[in-house]
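**Student:** Just need the structure, nothing else, for what follows:
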Amino acid sequence: MSQPTKTPEPPYVAVIFTNQRTGEDDAGYGKMATRMVELAEAQDGFLGMDSVSGEDGLTITNSYWRDHAAVVAWKANVEHQAAQKMGREKWYQTFSLRVATVERAYGFER
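**Tutor:** You can find the predicted model right below:
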């Protein structure tokens, strides 16, 4: 069983990416998604990521960043921009992206 990403004490930034795939080019999408995780993990200010997918293909990915400047830098990454373009052209039926500042966070672990 996976565990939620451990994040530092707030404040930090959450980017919430919700999408529904087209089902086209699953292999290409999987390869690109793996590359985007590798790239994000190497990006300055990246704190972690949680992602879940339903049987209907709806996926929600939360990525966590040190600050808004780190999110802007991630958005400007050339490889990330190419992946976004492919997503719009081929892989996503629909998506939404939300950026929020986390002001409070707590949890429980047995």
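**Student:** thought M49 was touching I60?
**Tutor:** No - between M49 and I60 there is no contact under CB atoms under 8 Å: 11.1 Å. C-beta: built from backbone N, CA, C; applies to glycine.
**Student:** what's in contact with the strand or helix carrying S51?
**Tutor:** Using DSSP states H and E, S51 sits within strand 46-53. Under the contact criterion CB atoms under 8 Å, 6 or more residues apart in numbering, strand 46-53 has outside partners 4-8, 12, 37, 40, 59-66, 70, 74.
**Student:** Can you turn the buried part of the residues you listed into a PyMOL selection?
**Tutor:** To isolate the buried ones among the contacts of strand 46-53 in PyMOL, judged by 16 or more other CB atoms under 10 Å, type:
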select buried, resi 7+12+40+59+61+62+63+64+65+66+70+74
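**Student:** Now do the helices for this protein: every range, in order, please.
**Tutor:** 26-42, 68-76, 78-86 (DSSP state H).
**Student:** Just say which of the ones you listed is most tucked in.
**Tutor:** Highest mean neighbour count of the helices of the chain: helix 68-76, a mean of 15 (counted as mean count of other CB atoms under 10 Å).
**Student:** Between helix 78-86 and that helix, find me the angle.
**Tutor:** With axes from the mean of the first three to the mean of the last three CA atoms, to 10 degrees defining the directions, helix 68-76 sits at 60 degrees from helix 78-86.
**Student:** So which residues make contact with helix 68-76?
**Tutor:** 13, 15, 40, 43-46, 63, 65, 80-81, 99, 101.
**Student:** For it, what is the distance to the chain centroid?
**Tutor:** In terms of CA atoms, centre = their mean, to the nearest Å, the centre of helix 68-76 is found 13 Å from the chain centre.
**Student:** How about stretch 64-72?
**Tutor:** Worked out by CA atoms, centre = their mean, stretch 64-72 lies 12 Å from the chain centre.
**Student:** now for that stretch, what's the gap between its first and last residues?
**Tutor:** From its first residue to its last, stretch 64-72 covers 13 Å (CA to CA, to the nearest Å).
**Student:** who's in contact with T22?
**Tutor:** K90, W91, Y92, Q93.
**Student:** Dump those into TSV; add distance to S53, pLDDT and neighbour count as well.
**Tutor:** TSV is the format used below for these (distance: CB to CB, whole Å; pLDDT from 0 to 100; neighbours: other CB atoms under 10 Å):
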residue	distance to S53	pLDDT	neighbour count
K90	18	96	14
W91	13	95	20
Y92	13	97	17
Q93	14	97	12
